[in-house]
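# sequence and predicted structure are below.
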Amino acid sequence: MLKIYCCLNASPTLDPQDAVVIEQALRLAEEYGGSITAVGIGAADMQQSLVQALAMGCHDALWIDNETQRESARWALLAHALRQQTFDLLLVSPYSLSGRKDGPGRLAEYLHLPLLPHVAEIQWRPGVLNGLCRDEDEALRMECPTPAIASVASNLSPRLPKLSAIVRAKKMPISSITIADKVHFGESCLAQHSVEATRRRLIFDHEADALELFMDALKTEIGLARGMDNQ
Amino acid sequence: MNVIVLLDIRQGRLTPLSQATLGHAQRIANELAASISAVCFADAPPEHFSVGEVLHFQPPPDRCAPTEWMAGAVDLVLQSRSPFLLLMPSTRAFSEVAGRLSARRTLSLLPDVQSLEIRDESLVARRGVKDGALVAEWAAPLANTVATIASAATSAPFERADIPLVQSHDFSLKTLAHVLSREALRSSGDHLPALEDAKIVVAGGVGMGGPEGFEQLRRLCHALGAALGASRSAVMQGWISAEHQVGLSGKIISPAIYIACGISGSVQHQMGMSGARTIVAINQDRAAPIFGMADIGLIADVHVVLPRIIAQL
């Protein structure tokens, strides 16, 4: 019987990539038997994601109450909470909401657990996890003892919960742990700017010579890109 | 201060993203009057580097989990080099290495950096966030910080110099996970650049209509020397293999030009390519979200205009 924990990103709505993680967990539990706990660290609205995870079929949910906006610290605090839990398999998305890719490696270090990164397929037998891990230019069949972490990069389509499951999930209890910030990393956000303001938005449509105008603009960009090669 | 740059060497050559990373390292080291050390994992160290020294490790042994092994080796280097600034390409493997080292040594981490500068005695980095709609500026201390470089498009000049001092290191580690077998993913028949290294990327979505649409995109790639990308939907349809997938569940790339053909531009896809310097979109649906982030757009049927575009290049 597999005991699986699924770590969710800190979001008030279930991140699509986290839905893939949960789908992977559900398929493993269906194949090998076991339980799935959805776990998330964040502010109170994080619980809405956990309810959606329960509606998909997770058996339990654990909310780690901490409002830090710093991703590096969030992983450290999540690991701190997970040290008090027991599981065979910890599934995470390879990417955070902002697209950062350092989370699974951090968790592996904090928890001193083996990591199978970017797994497209997972198999389990008691005490051993086996996965097909996709690097940029090769696929590695990897194996490790459990408990272990796997970052899920499969193309599974998450199931849509039934209305009855959604209603039931809203009534299910969510366990909670409160953790105070204890970790400080040196990076800090100075400012955020809109990208739209920096994009030129040359959209060609109605002009009779739209393709020619488009080609002129495209050729200019290609020339600039190739010029970078010659620097 | 020692600026340490971790380099990705494939088939004996520095990848373009590694060249960009080395360019950033050169510029930062010049401003700080610091020395540069390059760490590489290769059968033999490359002959010419514009760095003071090369710390050479053999590639991870076949059975070792590569990222766990490389993190251990770099950690060994860092032990004797504080204060340091560590730069590396933002590949999947090195991003995991960066996360591991940041956790192990409580290092500040600036991930997926598009540009990097020194300002007010801090290291300031720009990176895309939130569906690519925003660019954020992050600051970190100059010392004991790790940054991963995501954009080959913002490379500083990379000049070859004298042969540096090469130190070969023996390193061994029994990793917690191990490799049973390996299989190359890249199709050998394409002869197209790798997605993460390419200055120009041409990508297709469901609007390409099928595998034959991607053959047309391959012709455009060959005309431009571009890499071929795809949306998750096109991969799910089985029109193209998963190693071409761009987006949160695929690859996150920052080329100089990203040409999206028949891609509507879901949030997950946008997060994979929003770091591109110039985004070009071709789609017949004028309401497609991709036009909201495009620099240059053409509202047209890709099947009609692509042959004409290829003919004009």
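Alright, I've got the coordinates. Numbering: from 1, shown residues only, chains lettered A, B, ... in the order given.
# so what are the sheet partners of the helix-or-strand element of chain A with minimal mean pLDDT and their directions?
Lowest by mean pLDDT, DSSP states H and E among the helices and strands of chain A is strand A:188-194, with a mean of 74. Strand A:188-194 has the following strand partners under DSSP bridges: strand B:134-141 (antiparallel).
# buried sites along the strand it pairs with?
Across strand B:134-141, burial judged by 16 or more other C-beta atoms under 10 Å in any protein chain shown covers B:Leu134, B:Val135, B:Ala136, B:Glu137, B:Trp138, B:Ala139, B:Ala140. Bear in mind the C-beta positions are built from the backbone N, C-alpha and C, glycine included.
# mind exporting stretch B:199-206 as PDB, just the C-alpha atoms?
Provided in PDB are the C-alpha atoms of stretch B:199-206 (Å, rounded to 0.1, in the frame of the first residue of the first chain):
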ATOM      1  CA  LYS B 199      18.600  31.800 -31.100                       C
ATOM      2  CA  ILE B 200      15.400  31.300 -33.200                       C
ATOM      3  CA  VAL B 201      12.600  28.900 -32.300                       C
ATOM      4  CA  VAL B 202       9.700  28.100 -34.600                       C
ATOM      5  CA  ALA B 203       6.800  26.400 -32.800                       C
ATOM      6  CA  GLY B 204       3.500  24.900 -33.800                       C
ATOM      7  CA  GLY B 205       0.200  24.200 -32.100                       C
ATOM      8  CA  VAL B 206      -3.100  22.500 -33.000                       C
END
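# so how far is it off the chain centroid?
Here stretch B:199-206 is found 16 Å from its chain centre; the criterion is C-alpha atoms, centre = their mean, to the nearest Å.
# list the buried residues in that stretch.
For stretch B:199-206, the neighbour count (16+ other C-beta under 10 Å) marks B:Lys199, B:Ile200, B:Val201, B:Val202, B:Ala203, B:Gly204, B:Gly205, B:Val206 as buried.
# list of residues touching the host helix or strand of A:Ile149?
Per DSSP states H and E: A:Ile149 is located in strand A:148-152. By C-beta atoms under 8 Å, 6 or more residues apart in numbering or on different chains, the list of residues contacting strand A:148-152 from outside reads A:20-21, A:24, A:88-94, A:104, A:107-108, A:111, A:113-119, A:122, A:129, A:131, B:177.
# mean confidence for stretch B:19-32?
Across stretch B:19-32, pLDDT averages out at 89.
# for stretch B:243-250, that is, sorry about that
Averaged over stretch B:243-250, pLDDT sits at 82.
# excluding residues flanking it in the chain, which one is nearest the spatially most central residue of chain A?
By C-alpha atoms, centre = their mean, chain A has its centre lying nearest to A:Ser93, at 2.6 Å. Spatial nearest neighbour of A:Ser93, chain neighbours left out: A:Gln17 (4.3 Å); criterion: C-beta to C-beta, 6 or more residues apart in numbering or on different chains.
# what sits up against the helix or strand harbouring that neighbour?
When elements are assigned from DSSP H and E, A:Gln17 belongs to helix A:16-32. Under the criterion C-beta under 8 Å, 6+ apart, residues A:1-2, A:4, A:6-9, A:11, A:14, A:34-36, A:38, A:49, A:53, A:56-58, A:89, A:91-95, A:122, A:124, A:152, A:154-159, B:248-249, B:267-268 lie in contact with helix A:16-32.
# give me the buried subset of the residues you listed.
Neighbour counting by 16+ other C-beta under 10 Å classes A:2, A:4, A:6-9, A:11, A:14, A:34, A:36, A:38, A:49, A:53, A:56-58, A:89, A:91-95, A:122, A:124, A:152, A:154, A:156, A:158, B:248-249, B:268 among the contacts of helix A:16-32 as buried.
# flag the shaky bits of the chain, pLDDT-wise.
Since you didn't name a chain, this refers to chain A. By pLDDT under 70, the low-scoring segments of chain A are A:181-182, A:194-198, A:206, A:228-231.
# chain B was what I was after
Within chain B, the set of residues satisfying pLDDT under 70 comprises B:47-48, B:130-133, B:152-163, B:185-190.
# could you point out the longest helix in it?
Determined from DSSP state H, the single longest helix within chain B is helix B:16-32.
# could you say what helices and strands that helix packs with?
Judged by 3 or more C-beta pairs under 8 Å, 6 or more residues apart in numbering or on different chains; DSSP states H and E, helix B:16-32 is in contact with strand B:2-7, strand B:35-41, strand B:84-89, strand B:115-119, strand B:145-149.
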